[in-house]
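Colleague: heads up, no residue letters with this:
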């Protein structure tokens, strides 16, 4: 499967969350995909018990290439509170999936894909996106706001920095901006 190379701007992300009468379940899906930068499969496997407010993270057991090894993904406290509130509204038990279908089972990734594209239309965003677009957009926004590339790579849980480099759109102006921060001796 090819990932969408389209990014969402910060204003477009805000527009998604501002959709009038946005269903609470879809709002929660947006929170799960954007803020912690989860891959869609990781997000669909998150259970209520995986939300760790005290450590400000989400525990991931089904992460890419990790064979069930625990990964702790940082997540802002307000996001965790919002997701937990949703779980309380639906009386979820610790082993219940946060992203569940009408039958109470784990939602399928293809359904999430259809939903996020439907939400883009509602928010008047003229882009066909993938679920991975949220992860890419979050990484790009963190980088644009000054988080160093090595931290963005760690946040994304990439094994190699080169993966992050290929993944993000680092422009010549981005590189120039970083070079301006470094004082180099002038050689004449």
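Modeller: Great, that's in hand. Source: prediction; values computed, not measured. Numbers count the residues shown, from 1 in each chain.
Colleague: which secondary element of this structure has the worst mean pLDDT?
Modeller: When each helix and strand of the chain is scored by mean pLDDT, DSSP states H and E, helix 172-181 comes last, with a mean of 71.
Colleague: and stretch 32-51, what's its mean pLDDT?
Modeller: Here stretch 32-51 scores 95 as its mean pLDDT.
Colleague: okay, now stretch 122-132: how far is its last residue from its first?
Modeller: Criterion CA to CA, to the nearest Å; first-to-last residue distance in stretch 122-132 is 19 Å.
Colleague: what's in contact with it?
Modeller: For stretch 122-132, contacts defined as CB atoms under 8 Å, 6 or more residues apart in numbering pick out 3-4, 6, 8, 12, 15-16, 18-19, 33, 39-40, 109, 112-113, 116-117, 120. C-beta coordinates here come from the backbone N, C-alpha and C atoms, glycine included.
Colleague: any chance of a PyMOL selection covering the buried ones in those residues?
Modeller: Selecting only the buried entries of the contacts of stretch 122-132 in PyMOL, with 16 or more other CB atoms under 10 Å as the criterion:
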select buried, resi 8+12+15+16+19+33+39+40+112+113+116+117+120
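Colleague: among the contacts of stretch 122-132, which ones are in helices?
Modeller: Among the contacts of stretch 122-132, the members falling in helices (DSSP state H) are 12, 15-16, 33, 40, 109, 112-113, 116-117, 120.
Colleague: need the contact list for the residue nearest in space to the middle of the chain.
Modeller: In the chain, the C-alpha nearest the mean C-alpha coordinate belongs to residue 37, at 2.3 Å (CA atoms, centre = their mean). Residues near residue 37 by CB under 8 Å, 6+ apart: 73, 134-135, 138-139, 155-156.
Colleague: secondary structure class for it?
Modeller: Under the three-state scheme (DSSP: H, G, I helix; E, B strand; the rest coil), residue 37 adopts coil.
Colleague: mind checking how far it is from residue 185?
Modeller: Here the criterion is CB to CB, to the nearest Å. By it, residue 37 lies 38 Å from residue 185.
Colleague: and residue 85, that's in a strand?
Modeller: No - counting by three-state DSSP, residue 85 falls outside a strand, being helix.
Colleague: neighbour-wise, which one of the contacts of residue 37 leads?
Modeller: The most crowded member of these is residue 134, carrying 28 neighbours; neighbours defined as other CB atoms under 10 Å.
Colleague: chain neighbours aside, what residue packs nearest to that residue?
Modeller: Once flanking residues are discounted, residue 134 sits nearest to residue 33: 3.9 Å by CB to CB, 6 or more residues apart in numbering.
Colleague: what distance do you get for the one you found to residue 118?
Modeller: Shown here: residue 33 relative to residue 118, a distance of 14 Å by CB to CB.
Colleague: got it, and residue 9?
Modeller: Residue 9 is 19 Å from residue 118, by CB to CB.
Colleague: just want to know which of those two has more residues nearby.
Modeller: residue 9 (14 against 11).
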